[in-house]
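[1] Dropping a prediction and its sequence here:
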Amino acid sequence: MSLEQIPVKKARPNDYTSNEHPVWCPGCGHFFILRALTKALAWLNISKQDIGLVSGIGCSSRLPAYLDVYGFHGIHGRALALASGLKLARPDLTVIAAGGDGDGYSIGGNHFIHACRRNMDITYIVMDNEVYGMTKGQPSPTTDPEWHSKLAPNGTGLSSFNPMGIALASGASFIARGFSGDPNGLTKILTEAIQHQGFSLVEIKSPCVTFRPEQKDWHKSMRLMNVTPFANPMEAAQAIYGSDGFDTGIYYQADSPVYRSEASSKKNGTASEQMDIIEKALLV
Amino acid sequence: MSLEQIPVKKARPNDYTSNEHPVWCPGCGHFFILRALTKALAWLNISKQDIGLVSGIGCSSRLPAYLDVYGFHGIHGRALALASGLKLARPDLTVIAAGGDGDGYSIGGNHFIHACRRNMDITYIVMDNEVYGMTKGQPSPTTDPEWHSKLAPNGTGLSSFNPMGIALASGASFIARGFSGDPNGLTKILTEAIQHQGFSLVEIKSPCVTFRPEQKDWHKSMRLMNVTPFANPMEAAQAIYGSDGFDTGIYYQADSPVYRSEASSKKNGTASEQMDIIEKALLV
Amino acid sequence: MANSLLETDQHRLALSISGSGGTGAVTVGLILLDAVAKAGFYGNMTRAFGPQIRGGESAVMLHFSDQPIETLAEFSELHLALDWVKFDRFEDEIPLTSSSLVIYDNSREKPPGLVKESGATLIGLDLQAIVKTLKGSRLNMVALGVVAQQIGLASHFIEAALQKTLGRKGPEVVTTSMAAVSAGMTLLTDTPLPGLADWHPTQTPRWNISGNEACGLGALRGGLKFAAAYPITPATDIVEYLAKPLAQTGGNLLIAEDELAAMNMVIGASFGGVPSMTSTSGPGLSLMTEAMGLAVAAEIPALVVTVMRGGPSTGIPTKSEQSDLNQALYALHGDAPHLVIAPLNIQESATVSQWSLRLSEALQTLVILVTDQHLGQTRMIMNPVEALDLNLQRSQPSAANEETSYQRYQLTETAISPMSIPGMTALQYTADGLTHSESGLPSSRAEDHAQQLHKRADKLSQFEYGDRWACTIPTAKAKFTIITWGSSFEAVKEAVETLNRQGAAISLIGLRLIMPLRTETLIELTQQQKVLVIEQNDSAQLYHYLLSQKAIPIDSDALAEPGPLLFKPTDLMPRIQTWMEGQL
Amino acid sequence: MANSLLETDQHRLALSISGSGGTGAVTVGLILLDAVAKAGFYGNMTRAFGPQIRGGESAVMLHFSDQPIETLAEFSELHLALDWVKFDRFEDEIPLTSSSLVIYDNSREKPPGLVKESGATLIGLDLQAIVKTLKGSRLNMVALGVVAQQIGLASHFIEAALQKTLGRKGPEVVTTSMAAVSAGMTLLTDTPLPGLADWHPTQTPRWNISGNEACGLGALRGGLKFAAAYPITPATDIVEYLAKPLAQTGGNLLIAEDELAAMNMVIGASFGGVPSMTSTSGPGLSLMTEAMGLAVAAEIPALVVTVMRGGPSTGIPTKSEQSDLNQALYALHGDAPHLVIAPLNIQESATVSQWSLRLSEALQTLVILVTDQHLGQTRMIMNPVEALDLNLQRSQPSAANEETSYQRYQLTETAISPMSIPGMTALQYTADGLTHSESGLPSSRAEDHAQQLHKRADKLSQFEYGDRWACTIPTAKAKFTIITWGSSFEAVKEAVETLNRQGAAISLIGLRLIMPLRTETLIELTQQQKVLVIEQNDSAQLYHYLLSQKAIPIDSDALAEPGPLLFKPTDLMPRIQTWMEGQL
Ligand SMILES: Cc1ncc(C[n+]2csc(CCOP(=O)(O)OP(=O)(O)O)c2C)c(N)n1
Ligand SMILES: Cc1ncc(C[n+]2csc(CCOP(=O)(O)OP(=O)(O)O)c2C)c(N)n1
Ligand code: SF4
Ligand code: SF4
Ligand SMILES: [Mg+2]
Ligand SMILES: [Mg+2]
């Protein structure tokens, strides 16, 4: 965003909210993430019409309609693919992708690792409640192996998915963990993530009060903003693997090459002159 | 495989080959992987009818038909999903999945990370030539960012995919890199991988002489079996990230919980008695 | 007779219950259903939710009878409103008329305009006052007592049902709840409703089962030993139900990372010789398309249950529609013959799924079993359904013959080739989705291609399916035939039966085996008839499919309407009548 | 006249070249095609490969003419065998007859039995001997000289073509090769073939282009600025072609991790206001199914080009078939109307793809453009095709109106709603694949559902497509009408024209706009006719589709045959004749 485009009036968080009331259960962690996001956007003073917020399917993925920005509530697991197309075609936009742990790490896992690798300038917000909320309580990749559910009556027995470790190995250049119960810390992380040039993973622990009521206790264990960022991947790896999952803050921020649109790159002549050249090349 | 089942006659590598001549280009690295695999199977003396070898689509994925075992040449990118179903349903079989870098790391990326996480007892052989051979030379996730091709005339500009790092972060319990030009080392790695209880990634550099003729020089740079295995993930990570890609050997081998079939687990009563119990539970 | 715009000789009673999040409307419904069942009757229950995930308003509709009953009620005879928050959302689902009785808690908001306008009899009770007098009691339990009293349901049935539903929360909860129920039963003794009083209870055992559970049960009876799936509404219940029984019977359930994986896992397991299935809904079926084609080409038995919801795209995930038929028939690329089967009601879900799994095994093919949200998620009190006695086995090669090597895709008279299973000595082969010759080795020759295409089509078309292919209800001297399928069947059947009793002569065909279509039989049945095809989608998918096969006369008509509201017999009757008049 | 089982007034010449891996058969073909083009003629070239990836045997078939020509040759007049390794693989593709001339290198194996049995004139030359005398020369270049001489192609055309094809390898390579060609030209001066000698060269500019390239070019002309794709045979060439032009025109090509990503990337880019496409083939289209439904429901313009190959499953990836029509029409779950369009030949690929992209924009919908391996990978020398002058724009809302908030899915007369683009002030909205109301907010109400379903169907069915919907070739007093599509069109057209010249009266319809079908016009055109539908698949997909829409008489017939061999006019003629006789 160039300086001229910055709106004169300082924005307020509420400027970014729509009139739609969220469908979320009362007390759902996702409410606080919505709030933190609008605060971060206001802080950064980004024009509403220059924001593209895309998501998949899930409780968390309902987010876009609650902001008054250009939103896309896509299909399950494909938020990052939508976001990548949008960002490459429209490098001028602030592109944010959002969704849940099921959406992003289970069905969307392939786009996740490849979006990390491409390192396009996209902020990816994962609202991780360690469960499929929308479909009423099945284990997700981040679910504890011991958690009993209808689908896994004795627990899955699978050690849980390590999103930050995988993001790091895959090439993401900004990796943070936030907590929906810490709106200030979260706003700060989101502000940094959006400002960061490159792919930012913001993994947010967000309780599902309905299907994982025990997560209401998360606030007792979370350590707020106790992490300091590394620029070196091995150090970041150590911090990520070393954590019990209750630390929050930015783990990794590096200045890696960003995959950018060619749309803006200089070319000789007008589009129609270029088409002439292209067509001439076909002649015998 | 219990001791009684071991065939009396010691098997030879040729026992495992079929009559089909590979469609591969003369000089293709995949020939040597085929050979090393039959050697490993013979060394382990596994009965042919107890092996399930599944693959996706690609030059590499043609492998199953060249062995005289139960093979499945599936669809592009899904070898690990096929293998997981087969292994869970038939825990008695030795299940091996094989394919290329495109098949496994691009379209198959999601199954790759989740198969690592499940850590079922499957050996996954990736015949990595850093290109899509079958479709005639497009960049794959492991392709060098600078390599020029029709699809990416100026190179992809993307730093290449780190399969071993991602496998480690995802929970694989055996990780090795082999080289098709080192049949002995490769046979050793494959033997260990098949014997290992849990998910084994064997990433094999295998030149595509047709679309990446420069890879014929790989044998000059590869260091044969110079790696020593770690059981600690952080140490293994250091070794993996520290490598320039030309080291070979086993990087990681750990004794992690293996996801196993319940099919063999003890149950009370016969199947039809169990069905009676199940049906009775429906009564008002 | 109650709820009787339709003439029927069975007793019926239609209730509904609504309330905002946390009021426990659904719990009341579940307990009532079970209690009425324990009292010796039949019934069904459907649910409706607001857009909220939880904590939002919800409603249940109950239809009871002294005989087996599948259709939903046409209007509500007794509606219980635990509160009136956003009641208007349920206007379509809970039709009230001037003969409805509406009971509500008058300590809260007043009934909304639309309730008053319905002309229903409104009875406001001070339920809240009772709750205050009973420690630990809840308003929904008091209300349950009121309803029980109104419909003449004895308290010991409620108690038994409470025990079953709330028992795991401890005996105290049951006692407190029962106290509230009893208090409620004394509140309103005047009962304008005929209720259950003069109904004849049955002594026969009955099931309390949803369609999705029945579907899972049928598969288990068919020998299911492996399922892989990814959660999706309204299909998740199938695998949630299967989790325990599969473990009990030594099978496996694999929670897949996505539907692509689920379908391939099923193929892998089935290649291993184990009867296998997955379940999903439209979006997930879309993702399974490619792998389903592999099952067809490589001739791997596989059962895919798809529970339809509103479409296209994410559509209306929690409600019913019959708009994925085209997908089930035609989504696969190439010429990819497979089976498409649908149960006609909840009752037969168990048998149809058992049959489907066995057909997949016997024909070594993909079977898509198509149900929908209504068939799947409606909970029924019904007579237990016997397992089918089917002799449909996967054909296996006899011991290896040293002379001739095993040909996996050998041409045979039935066009079914014996399939070896890993572990069988000297019968190794490679299954392949590439065009192949009889041996299974890839071939791009026109001759092999045509041969294997025909083989795969022939094995399905030549097979003798028996008369399970459809439910045909012929009527003497009928000039009209109606064809329908899936969850539209019961409503259409009721409409047709009523019209026939009123003097019409309409035959009815409910299709179960939709592909391959029993075209010749259909032609025989319909050639002298005026035909109407009824289905719940916007583009008349079944109708166009039947036309495409020349299975119905060219002047046939369609009555197609999208979801999410189900057809009602009384809505259908005048429309069928108008159509018949237009044919003369 | 040469190659003239068909009566035609144009000159034609059919050549073929084969050789095992590394012999350079394809290079000879490419150079010949270009040289004959430079000499002022037209032609086409197709390839066939053995199963090997590379290093295996391959063959090219060339068809030259003094007028534009799309059909493949029916048999080979001159075949050049660089060696005979596995020549039998090409038996179907390279028919030899007693009038064929076969030239081969007699230093290697002798011609196989099937060549001798064809009765062709065999000329063995000691090409190897020449190669030995010329340092650095290759056998295929000597052979090229022989062929050039035989067909009367002047050496400076060859030289110019060599320059173009081999120029980037340096001037020396060109010189050495030309020396070999010249040597070859002296080897066999006796020329039994009429060759190009008395053909009239044209001076007009012509293109050397493949169908896939033409398809890409049309999209560029339509304003394409974004493509995302995952490689797949036989579609990869489209994006490989687009890579450079897109960069030149400020667009982007994104190599996706899979087809799921590719389709969603396209939707994301198009949501951003940028005309976008992807290209794939059957297996990839299967994976795009779910996201295509999103484009339909959220009304996002998107062009998907699918280049059909043999199916089902992985099938025959390198060869042609028309068996993915059902998939293109019906794969999406729910009622999901969209456009299905197909070019009738290579020549029009550019215009049809330009039209398709613009239609996707103007109608805010998914367009599936269906071509096939033959249309896509055949290389043509043809007259340049003018860009269309289309006024089909994405409708955009006028500046925001403070009073009324922007309704993304507003009902309008055309049923097309103005679509805002990120960056436009005060016109923000959320695109959604959930059933929604006009505002775009999720709704599960039956009324909103029906309204938006109808809106999306109406915008497509009401649109005025003009007469580009089909190529209709009426014949006076015709009693017979043949309907076909895609790559079958040219062969059918040639067969029909020949039969008509022989006295038959057959009208021909080649369909471009397959969905929504111009049903009324088709009925008008066919109602008094005996209709035959010709297509290259096993289950007569177009035929059944036309029946399903009642667009053709019920007694219509199908002539459907699976791939991978294309229809030939001379094979079709007797079959059409037999069919006509059967109608009398
Ligand atoms: C292709 C497909 N498969 C499955 C679903 C069903 N589905 C909807 S949301 C969801 C999971 C949501 O979980 P998560 O992403 O963690 O979000 P949450 O609801 O927990 O916020 C699933 C499985 C779907 N909509 N589409
Ligand atoms: C769904 C789908 N998409 C694309 C393809 C086309 N395809 C076949 S093989 C292949 C890539 C093969 O590359 P790799 O896995 O690296 O194997 P290699 O040929 O290099 O050994 C692709 C893209 C396909 N068959 N199916
Ligand atoms: S179900 Fe869980 S994640 Fe979904 S809205 Fe409710 S609390 Fe939030
Ligand atoms: S194209 Fe490459 S990978 Fe494929 S067979 Fe040839 S050398 Fe091997
Ligand atoms: Mg979640
Ligand atoms: Mg490769």
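    Cool, the structure landed. Numbering: from 1, shown residues only, chains lettered A, B, ... in the order given. Ligands and ions are numbered 1, 2, ... in the order given.
[2] Any idea how far stretch C:28-46 is from the middle of the chain?
    18 Å (C-alpha atoms, centre = their mean, to the nearest Å).
[3] That one and chain B, any residue contact?
    Yes - Stretch C:28-46 comes into contact with chain B (C-beta under 8 Å from any C-beta of the partner chain), by way of C:Asp34, C:Ala37, C:Lys38. Just so you know, the C-beta spots here come from the backbone N, C-alpha and C atoms, and that holds for glycine as well.
[4] Mind checking the pLDDT average for that stretch?
    Stretch C:28-46 carries an average pLDDT of 97.
[5] Over to that stretch now: how far is its first residue from its last?
    End-to-end distance for stretch C:28-46, by C-alpha to C-alpha, to the nearest Å: 13 Å.
[6] Could you do stretch A:109-128 as well?
    Using C-alpha to C-alpha, first and last residues of stretch A:109-128 are 14 Å apart.
[7] quick one: the strands in the stretch 201-350 of chain C?
    Remark: strands assigned in the stretch 201-350 of chain C by DSSP state E, counting those that start in this stretch are C:207-210, C:226-229, C:252-255, C:276-280, C:302-308, C:339-341.
[8] for the stretch 101-250 of chain A, same thing?
    Taking DSSP E, counting those that start in this stretch to define them, one finds strands in the stretch 101-250 of chain A at A:122-128, A:174-179, A:200-205, A:223-227, A:247-253.
[9] can you tell which of those is closest to ligand 2?
    Ligand 2 lies closest, by C-beta to the nearest ligand atom, to one member of the strands of the stretch 101-250 of chain A: strand A:122-128, at 24.8 Å.
[10] which helices and strands does that closest one pack with?
    Applying 3 or more C-beta pairs under 8 Å, 6 or more residues apart in numbering or on different chains; DSSP states H and E, we find strand A:122-128 packed against helix A:30-44, helix A:79-89, strand A:94-100, helix A:101, helix A:109-118, helix A:183-195, strand A:200-205.
[11] Return the distance of the second one from the chain's centre.
    This points to helix A:79-89. Remark: helix A:79-89 is offset 13 Å from the chain centroid, using C-alpha atoms, centre = their mean.
[12] May I have stretch C:305-313 as PDB, with CA atoms only?
    C-alpha atoms of stretch C:305-313 as PDB (Å, rounded to 0.1, in the frame of the first residue of the first chain):
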ATOM      1  CA  VAL C 305     -22.900 -43.900   0.700                       C
ATOM      2  CA  THR C 306     -23.800 -40.300  -0.100                       C
ATOM      3  CA  VAL C 307     -26.300 -38.500   2.100                       C
ATOM      4  CA  MET C 308     -27.600 -35.700   0.000                       C
ATOM      5  CA  ARG C 309     -28.200 -32.200   1.300                       C
ATOM      6  CA  GLY C 310     -29.100 -28.900  -0.300                       C
ATOM      7  CA  GLY C 311     -26.800 -27.900  -3.200                       C
ATOM      8  CA  PRO C 312     -24.900 -26.700  -5.200                       C
ATOM      9  CA  SER C 313     -21.600 -26.100  -3.400                       C
END
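[13] what's the burial count for C:Ala247?
    18 (other C-beta atoms under 10 Å in any protein chain shown).
[14] right, is stretch C:214-230 up against chain D?
    No - using C-beta under 8 Å from any C-beta, stretch C:214-230 stays clear of chain D, with a minimum separation of 12.5 Å.
[15] Regarding that stretch, how distant is the last residue from the first?
    19 Å.
[16] neighbours around residue 278, how many?
    Looking at chain A here, since you left the chain open. Residues within reach of A:Ile278, counting by other C-beta under 10 Å, total 19.
[17] ah, I was thinking of chain C
    C:Thr278 has 33 neighbouring residues, counting by other C-beta under 10 Å.
[18] Roughly how far does it sit from C:Val181?
    Counting by C-beta to C-beta, to the nearest Å, the separation of C:Thr278 from C:Val181 is 42 Å.
[19] ok, now C:Thr46?
    For C:Thr46, the distance to C:Val181 equals 23 Å [C-beta to C-beta].
[20] Looking at the two, which is more packed in?
    Comparing C:Thr46 with C:Val181 by other C-beta under 10 Å, the one with more neighbours is C:Val181, at 26 against 21.
[21] in chain C, what spans have low per-residue confidence?
    C:1-8, C:51, C:53, C:55, C:400-403 (pLDDT under 70).
[22] again, only this time at 80
    Low-confidence segments of chain C (pLDDT under 80): C:1-9, C:50-56, C:191-192, C:399-404, C:584.
[23] domains in it, as residue ranges please.
    For chain C, automatic domain parsing gives the domain ranges C:2-204, C:208-382, C:399-461, C:466-583.
[24] for these, which one ends up most surrounded?
    Of all the domains of chain C, domain C:208-382 has the most neighbours on average by mean count of other C-beta atoms under 10 Å in any protein chain shown, namely a mean of 27.
[25] how close does the closest residue to ligand 2 within the stretch 401-550 of chain C get to chain D?
    Taking C-beta to the nearest ligand atom, ligand 2 has its nearest neighbour within the stretch 401-550 of chain C at C:Gly433, 9.3 Å off. From C:Gly433 across to chain D, the span is 3 Å (C-beta to the nearest C-beta, to the nearest Å).
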